[in-house]
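Colleague: whatever this is, show me its structure:
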Amino acid sequence: MPAITLKDLLRHGLGEMFDAQRQFLPLLDRMEVDIREDSFRARIRRHREETLNQIDNLQRCFDLLGTDAPGIECAAARGLAADVRGFRSQTAEPWAIEVYGLEAVARLEAFELAGLGALANYATATRHDDVLRLLRHNLAETQRMADWIADARTALLHRLETRGGVPSVAR
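Modeller: Reported below is the predicted structural model:
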């Protein structure tokens, strides 16, 4: 059914985010395996649990709207996942996979922040306050993860650089 109201647009966007979050779970699983530092691995594992809760929140949004999740496939999420798989198939360097993995998660979080922000605007405009509350919860968790990644990638690059693990120029 085409979107003809803001509520339809909200439902469609929730469907895309619902699918995106489900597509991101295997990437987080792979990232947890690829990361070598225990504290980073633990944070990725915690974010996976947060993502599962965010998926539950999105399902609750559909329940609050009195509708089922539409069967929408998020092409952007599929593309991000394909990028990660493509990079992993091109290199066996553990440091490169680790750095790229953090950057990939940063892109995922940026995508989620943009989408959740738009959905929060739709929920506000349509006066779906219970949906808005759930979306704001997801937004807050996503922002915390994005902030953590910004710090983690700086720390990772510094660690690799001081240990001589990252070639800065081709030899």
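Colleague: name the helix or strand for the nearest residue to residue 37 once chain neighbours are set aside, please.
Modeller: In space, residue 37 comes closest to residue 156 once its chain neighbours are excluded; the distance is 7.4 Å by CB to CB, 6 or more residues apart in numbering. C-betas here are computed from N, CA, C, even on glycine. For residue 156, the element it lies in under DSSP states H and E is helix 129-162.
Colleague: ok, residue 122 next?
Modeller: helix 94-125.
Colleague: OK, contacts around residue 135?
Modeller: Residues in contact with residue 135 (CB atoms under 8 Å, 6 or more residues apart in numbering) are 57, 61, 116, 119-120, 123.
Colleague: and for residue 6?
Modeller: 122, 125-126.
Colleague: swap in residue 110?
Modeller: Here residue 110 is in contact with residue 146 (criterion: CB under 8 Å, 6+ apart).
Colleague: from the contacts of residue 135, which would you call buried?
Modeller: Neighbour counting by 16 or more other CB atoms under 10 Å classes 57, 61, 116, 119-120, 123 among the contacts of residue 135 as buried.
Colleague: and the helix holding residue 122, which residues are buried?
Modeller: 95-102, 104-106, 108-109, 111-113, 115-116, 119-120, 122-123.
Colleague: hmm, back to that, chain center to the helix holding residue 156: distance?
Modeller: 9 Å (CA atoms, centre = their mean, to the nearest Å).
Colleague: for stretch 82-91, same thing?
Modeller: With CA atoms, centre = their mean as the basis, the mean position of stretch 82-91 lies at 18 Å from the chain mean.
Colleague: circling back to that earlier point, so for the residue nearest to residue 37, what's the pLDDT?
Modeller: pLDDT for residue 156: 83.
Colleague: same check on the one 4 residues further on?
Modeller: Per-residue confidence for residue 160 comes out at a pLDDT of 80.
Colleague: what does the one 5 residues further on give?
Modeller: For residue 165, the model assigns a pLDDT of 60.
Colleague: and what of the one 3 residues further on?
Modeller: Confidence per residue is given as pLDDT, and for residue 168 that number is 56.
Colleague: how about residue 105?
Modeller: 88.
Colleague: does it touch residue 27 like I think?
Modeller: Yes - with contact defined as CB atoms under 8 Å, residue 105 reaches residue 27; the gap is 7.5 Å.
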